[in-house]
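>>> Pasting a predicted model and its sequence here:
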Amino acid sequence: MGRKTILILLDACRFDLAEETAGYLEHLIERSCGAKYCVQGELPSQSRPMYETTMTGLPSSVHGITDNEVVRRSDCENLFSLCRQNGLKTAAAAYYWMSELYYRAPFCPECDRYLAGNGDSLIDYGIFYYEDIYPDSHLYMDAEFLRKTYHPDFLLIHPMNIDDSGHRFGGDSPEYLRAGLRSFEQIARLLPGWLSEGYQVVVTADHGMSAGGYHGGNREPQRLIPLYIFADGVKNGDFSDRRISQLNTAPLVCRLLGIPPAEAMMQELEIEMAD
């Protein structure tokens, strides 16, 4: 039996940034109150292709979003479409590229920033921002509004300030570090309440960030990302000594929601499930 699930996709959060700044999540891992993995992201390590990979469980050579400039709606089964097929309600507080993938493209700020029950959208309810500097603190509160107002079964939260700071100042900069601290502080404030209300929570990223402030290639800083899981159905512990595929994320969320994964998704998870 599945339960309501929140997926937090921290744009451009490297694995080592999470270890350095996610103090409360790391505390929960130390106390065996969650699971931690090191994920090797798919290629290209760009945003739009990895949004689609995260949501479909497919590599870019299959789903066809091969570059950030491929602007179209997804034509593959994804977490939002699978929720709809199984009668679950969805919501997203996210960057506008998510709207373009799962609602319509191109994004129209006047029409598409707020979404409530439009039958043409795979996402039932949404608040989408279109400036990379949109504060993560505001984004988390957008998500809380959606959660408390519409009570979605699946909620996507997608903040951008880590990515923005990395591009402007570099992946080894104090600004990138502080952006990570601020976002994880927001999660630390909200997570206890989510868990006490019975939510399952998955925290991961789309890709990492190089010291030079870019991503897209095949180097570890651009590909290695964190995965934290807080769910009864997943075995607790620190499993980050081995790398797992990013293709696990979508079928994991399906498992947590209690819905069948798409046939094309990975069927045997590399994640330790609880007995």
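Ah, there it is. Fair warning: this is a prediction, and the values are worked out from it, not measured in the lab. Residues are numbered from 1 along each chain as shown.

>>> Ala94 belongs to a strand, doesn't it?
Yes: looking at Ala94 with DSSP: H, G, I helix; E, B strand; the rest coil, it is inside a strand.

>>> And the strands in the stretch 101-250 of the chain?
Shown for the stretch 101-250 of the chain, the strands assigned by DSSP state E, counting those that start in this stretch span residues 114-116, 125-129, 154-157, 200-205, 224-230, 237-245.

>>> Point out the most buried one among these.
strand 154-157 (a mean of 26; mean count of other Cβ atoms under 10 Å). Every residue, glycine included, has its C-beta placed from N, CA and C.

>>> Partner strands of it and their direction?
Applying DSSP bridges, strand 154-157 is found paired with strand 5-10 (parallel), strand 90-95 (parallel).

>>> orientation of the last one relative to strand 125-129 in degrees?
Compare the direction of strand 90-95 with that of strand 125-129 by axes from the mean of the first three to the mean of the last three Cα atoms, to 10 degrees and you get 0 degrees.

>>> can you give me the mean pLDDT across strand 90-95?
Averaging pLDDT along strand 90-95 yields 98.

>>> Just the C-alpha atoms of that strand, please, in CSV.
What follows is strand 90-95, C-alpha atoms only, in CSV (Å, rounded to 0.1, in the frame of the first residue of the first chain):
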residue,chain,number,x,y,z
THR,A,90,-0.4,15.6,-8.3
ALA,A,91,1.1,19.0,-7.7
ALA,A,92,4.4,20.8,-8.5
ALA,A,93,6.2,23.9,-7.3
ALA,A,94,8.8,24.0,-9.9
TYR,A,95,10.8,25.8,-12.6
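
>>> hmm, who's touching it?
9, 11, 47, 79-80, 83-84, 98-99, 102, 122-130, 132, 139-140, 142-143, 146-147, 150, 152-158, 160 (Cβ atoms under 8 Å, 6 or more residues apart in numbering).

>>> from the middle of its chain, how far away would that strand be?
Offset of strand 90-95 from its chain centre (Cα atoms, centre = their mean, to the nearest Å): 10 Å.

>>> Equivalent analysis for stretch 68-79, please.
15 Å.

>>> What sits closest to Asp163 if chain neighbours are left out?
In space, and not counting its chain neighbours, Asp163 is closest to Ala12: 3.5 Å by Cβ to Cβ, 6 or more residues apart in numbering.

>>> Check Asp136 too.
Pro159 (4.0 Å).

>>> Show me what the lengthiest helix in the chain is packed up against.
When the chain is parsed with DSSP state H, its longest helix is helix 174-196. If you count contacts as 3 or more Cβ pairs under 8 Å, 6 or more residues apart in numbering; DSSP states H and E, helix 174-196 packs onto strand 5-10, helix 15-21, helix 23-30, helix 136-150, helix 161-169, strand 200-205.

>>> show me the contacts for the nearest residue to Ala22 once chain neighbours are set aside.
Excluding its sequence neighbours, the residue lying closest to Ala22 (Cβ to Cβ, 6+ apart) is Phe184, at 4.4 Å. Residues in contact with Phe184 (Cβ under 8 Å, 6+ apart) are Ala18, Thr21, Ala22, Gly23, Tyr24, Leu25.

>>> Give me the below-cutoff pLDDT ranges for the stretch 51-200 of the chain.
For the stretch 51-200 of the chain, applying pLDDT under 70 flags no range at all.
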